[in-house]
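Enquirer: Using only what follows, build the 3D model:
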Amino acid sequence: MSKILNRKQDKQNTGVLAASLPRRIDPVSTANSIVNTALTNSVDKMRLGNVQAFIDCIKKGDPMACSYCHYNIAKELGRVLGLWDKDIKAVYAYGYDDNTTDEECYEDISSSSL
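Expert: Okay, the predicted model is just below:
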């Protein structure tokens, strides 16, 4: 009942009402935005001409390209999460290395693996 009363009182101040309502999030467009921004930033860092050239580097297994891609995805994801929730202060990306060689686990590696 108090929410109904508060909404009636807030009609004059729509900014307060809008700020208190939850935002709808489209996960597909959010993910696309994060990846596209990460790819663009990675292309700039590697001084490549376009995103396709960067993707070709990733497909070839260029460790620098993969590193930039992982870092920039984590960085952009952290930025977006920070916009959604002011309590999020940091996002960390951890690399996993169990000293297994590429040959030993090649069949488990995909282009989308982190």
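Enquirer: Identify each buried residue in stretch 72-82, please.
Expert: N72, I73, A74, K75, E76, L77, G78, V80 (16 or more other C-beta atoms under 10 Å). The way it works is simple: take the backbone N, C-alpha and C, and place the C-beta from them, glycine included.
Enquirer: do stretch 60-67 as well
Expert: A65, C66.
Enquirer: ditto for stretch 45-62
Expert: K45, L48, F54, I55, C57.
Enquirer: Output these in TSV, with distance to D85 appended to each entry.
Expert: Output for the buried residues of stretch 45-62, formatted as TSV (distance: C-beta to C-beta, whole Å):
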residue	distance to D85
K45	27
L48	33
F54	30
I55	31
C57	34
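Enquirer: Please produce a markdown table containing these, extended by pLDDT and distance to K86.
Expert: Converted to a markdown table, these look like this (pLDDT from 0 to 100; distance: C-beta to C-beta, whole Å):
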| residue | pLDDT | distance to K86 |
| --- | --- | --- |
| K45 | 93 | 28 |
| L48 | 93 | 35 |
| F54 | 95 | 32 |
| I55 | 94 | 34 |
| C57 | 94 | 36 |
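Enquirer: In the residues you listed, find the pair that's most separated.
Expert: Within these, K45 and I55 form the most distant pair, 14.5 Å apart (C-beta to C-beta).
Enquirer: ok so, going back, if we take the buried residues of stretch 45-62, which one ends up nearest to Y92?
Expert: K45 (19.6 Å).
Enquirer: From what I see, that closest one and A65 are in contact.
Expert: No. Here K45 lies out of contact with A65, judged by C-beta atoms under 8 Å, at a distance of 9.6 Å.
Enquirer: which strands and helices sit next to the lengthiest helix in the chain?
Expert: Across the chain, the longest stretch assigned as helix under DSSP state H is helix 63-84. Applying 3 or more C-beta pairs under 8 Å, 6 or more residues apart in numbering; DSSP states H and E, one finds that helix 63-84 contacts helix 27-46, helix 51-59.
Enquirer: Right, I'll leave it there.
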